[in-house]
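> Provided below for reference: sequence and predicted model.
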Amino acid sequence: DTGVSQDPRHKITKRGQNVTFRCDPISEHNRLYWYRQTLGQGPEFLTYFQNEAQLEKSRLLSDRFSAERPKGSFSTLEIQRTEQGDSAMYLCASSTPTTASTDTQYFGPGTRLTVL
Amino acid sequence: RKEVEQDPGPFNVPEGATVAFNCTYSNSASQSFFWYRQDCRKEPKLLMSVYSSGNEDGRFTAQLNRASQYISLLIRDSKLSDSATYLCVVNFYYNTDKLIFGTGTRLQVFP
């Protein structure tokens, strides 16, 4: 399977614990995005990398959240001191520059986080 | 006001019906427009891009009205497999690929 992969697919944690998610983009894609989706809502943008550079961060990304893409390939999203409000599906997407005005983003299956 | 607004539905239609979804967006400078499909507990997948002149892909037709900041999706001859949530998606700005999603419109096609 050459699509976007995410690990783990599900994570249950207790409030106050730290969690880390991993995303492996499609291999030739240099752009990588993180979104968060809560029940009944569409995905909300969190942050975006081009290669290893983090180019944009949403105000949704509080100081408890940090994302990295150290070698421009896979990315990690860490949430420190989790809160119940962090419970959501965390989606990763990747794209590669094309001649279109906006690149097509391909989404991974997501990591579903439940904070107890 | 939300940046991208959709009627959440659900729309319950019989097989073979024609159904239309509408979406409005707040930023008149928006650059690109899409419809994504999301099955229950799955990731969103691109259904089609939306072009100013309107475009069609099989049973699906998308329209864009920039003056009214309005996007539509028409599904003809609905199939059971069309049951899903349809997300209206907009890219607002130059030099970013940040996508803004609507809340989605749920479609249920029944036999």
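All right, it came through fine.
> Where does pLDDT dip in the chain?
Since you didn't name a chain, this refers to chain A. A:1, A:98-102 (pLDDT under 70).
> Not quite, go with chain B.
Using pLDDT under 70, the flagged stretches of chain B are B:93-96.
> mind listing what the closest residue to chain A within it touches?
Nearest residue of chain B to chain A: residue B:101, at 3.1 Å (CB to the nearest CB). For glycine as for every other residue, the C-beta is placed from the backbone atoms N, C-alpha and C. By CB atoms under 8 Å, 6 or more residues apart in numbering or on different chains, the contact set of residue B:101 is A:35, A:42, A:43, A:44, B:4, B:36, B:44, B:87, B:88, B:89.
> Among these, name the ones in strands.
A:35, A:44, B:4, B:36, B:44, B:87, B:88, B:89 (DSSP state E).
> These: which two are farthest apart?
A:35 and B:88 (15.2 Å; CB to CB).
> right, is the one helix or strand residue B:33 maps to up against chain A?
Per DSSP states H and E: residue B:33 is located in strand B:32-38. Yes. Strand B:32-38 lies within reach of chain A by CB under 8 Å from any CB of the partner chain, at B:32, B:34.
> Tell me, how many residues neighbour the closest residue to residue B:14 other than its chain neighbours?
Closest residue to residue B:14 apart from its sequence neighbours, by CB to CB, 6 or more residues apart in numbering or on different chains: residue B:110 at 5.9 Å. The criterion is other CB atoms under 10 Å in any protein chain shown. On that basis, residue B:110 has 11 neighbouring residues.
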